[in-house]
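Q: next one to model:
(one chain, ligands or ions: 1)
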Amino acid sequence: MSLSDTFYDEQDFLSSQTPINLGVSACLMGEKVRYDGGHKKCDFLLDKLLPWVNITPFCPEVKAGLGIPRPAIRLAQIDSELRVVGTKDSQLDVTETLNRASDELCQQASGLTGFLFCAKSPSCGMERVKVYDEKGNPLVATRSGIFADKIRHQYPLLPCEENGRLNDDLLRNSFLTRLFCFARWQAMLREGLNAARLLEFHSRHKYLLLAHSQSHYREAGKSLANLKSQPIEVIAQHYLCILMAGLACVATRKKHTNVLMHLQGYFKNHLEKSDKTALTEMILRYQQGLLPLSSPIEILKHHLRHYPDDYLQIQYYFAPFPAQLNSSSVI
Ligand code: SF4
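A: Residues are numbered from 1 along each chain as shown. Alright, predicted model coming up:
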């Protein structure tokens, strides 16, 4: 068995076998739907991610019939109520129209694998959207936009991110990890959920989850300890909640080092002393920030080719998402 046979086949993601249905704020696609007739084209989305995903664009403000161009709007706290009003003309109140349009679009979002929102928008901003008082002064508290808020409440486990945060290597990789993991989960459900498939899914994601959160790793294992205690659908849903919460935790160098040390242990009876020392040194240099994660990973994969291990070879830790999407400078 070779590594290319056992790591996931990237062709799966390029074909319809494991479709990734990504909802996006339409302006990120370069569509000229913004209030001023412009767009917010997201280069990473169009240049890198596009070949791997099926895109469904959403523009709640156009759906609400506000037109292009249209008056700019913002969130306002008026009489303890959240309203959406005109930035220049606070008498313009589109709260109900925008809520209705967002509710409708939310229904169309079922079946998505993830969502990429446009930051700062009173409709699509995922977080830290400014809220103003009646006189137009910004309040300290921020919140999510009307549409993004509804999506996240209706689909709490859906991997979501904002365009601006994709510039951060860690946040981008975190989003991609959750997105591709969720796509694999949806693929498993399509095949038919059963105990064997659920256990295999967990088995393949163990080290990936450990790299993000040791506590969620333990909790996930416990949640699958007795698969006869409840209906499998209930257990699977509980497991998925733990998994997605765990993957949302940042995988730091310290956590990755812990995983790499674990993985190194698999080769302790195979490697020459000098190779063992070289691997340990490389892991420590990675821990100190002197090398990217790809360095020890590539060496581990190299050893795995020489000393195959059925369990290690199927770990998504080695390739949580296609290498073409990876950032060279990521931790
Ligand atoms: S941020 Fe959302 S509402 Fe605003 S233009 Fe983009 S898609 Fe439309």
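Q: need the contact list for Y311.
A: By C-beta atoms under 8 Å, 6 or more residues apart in numbering, the residues touching Y311 are S203. C-beta coordinates here come from the backbone N, C-alpha and C atoms, glycine included.
Q: actually, G111.
A: N21.
Q: ok so it is a helix residue?
A: No - counting by DSSP: H, G, I helix; E, B strand; the rest coil, G111 is not part of a helix but coil.
Q: tell me the pLDDT of it.
A: Reported pLDDT at G111 in the predicted model: 94.
Q: any idea how far N21 is from it?
A: Using C-beta to C-beta, to the nearest Å, G111 is found at 6 Å from N21.
Q: can you tell me the element the spatially most central residue of the chain falls in?
A: Closest to where the C-alpha atoms of the chain average out (C-alpha atoms, centre = their mean) is F175, at 2.7 Å. Element membership of F175, judged by DSSP states H and E, is helix 169-191.
Q: show me what that helix is packed up against.
A: strand 114-117, strand 160-162, helix 195-212, helix 232-247 (3 or more C-beta pairs under 8 Å, 6 or more residues apart in numbering; DSSP states H and E).
Q: related to what we said a few turns ago, go ahead and confirm the residue nearest to the centre of the chain touches N163.
A: No - the criterion here is C-beta atoms under 8 Å, and F175 misses it with N163 at 10.8 Å.
Q: where does the prediction get shaky in this protein?
A: In the predicted model, the chain carries pLDDT under 70 at residues 1-17, 327-331.
Q: redo that, cut-off 90
A: Applying pLDDT under 90 to the chain flags residues 1-19, 169-170, 319, 322-324, 326-331.
Q: so which bits of it are right by the ligand?
A: Residues of the chain found near the ligand (C-beta under 6 Å from any ligand atom) are 25-27, 33-34, 59-61, 118, 121, 123-124.
Q: would you mark the buried spots in the helix holding F175?
A: Residues 172-188 are the ones in helix 169-191 that count as buried (16 or more other C-beta atoms under 10 Å).
Q: quick one, domains of the protein?
A: Domain assignment for the chain by automatic domain parsing gives 19-167, 169-331.
Q: deepest in the core, which of those is it.
A: domain 19-167 (a mean of 18; mean count of other C-beta atoms under 10 Å).
Q: and the end-to-end length of that one?
A: This stretch, domain 19-167, spans 25 Å end to end (C-alpha to C-alpha, to the nearest Å).
Q: can you check stretch 135-145 too?
A: 20 Å.
Q: quick one, helices of this protein?
A: Along the chain, counting by DSSP state H, helices occupy 3-6, 10-14, 43, 60-63, 95-108, 146-154, 169-191, 195-212, 214-223, 232-247, 253-265, 273-287, 294-306, 310-313.
Q: quick one: closest of the ones you listed to L49.
A: Ranking the helices of the chain by distance to L49, with C-beta to C-beta as the measure, places helix 169-191 first at 8.3 Å.
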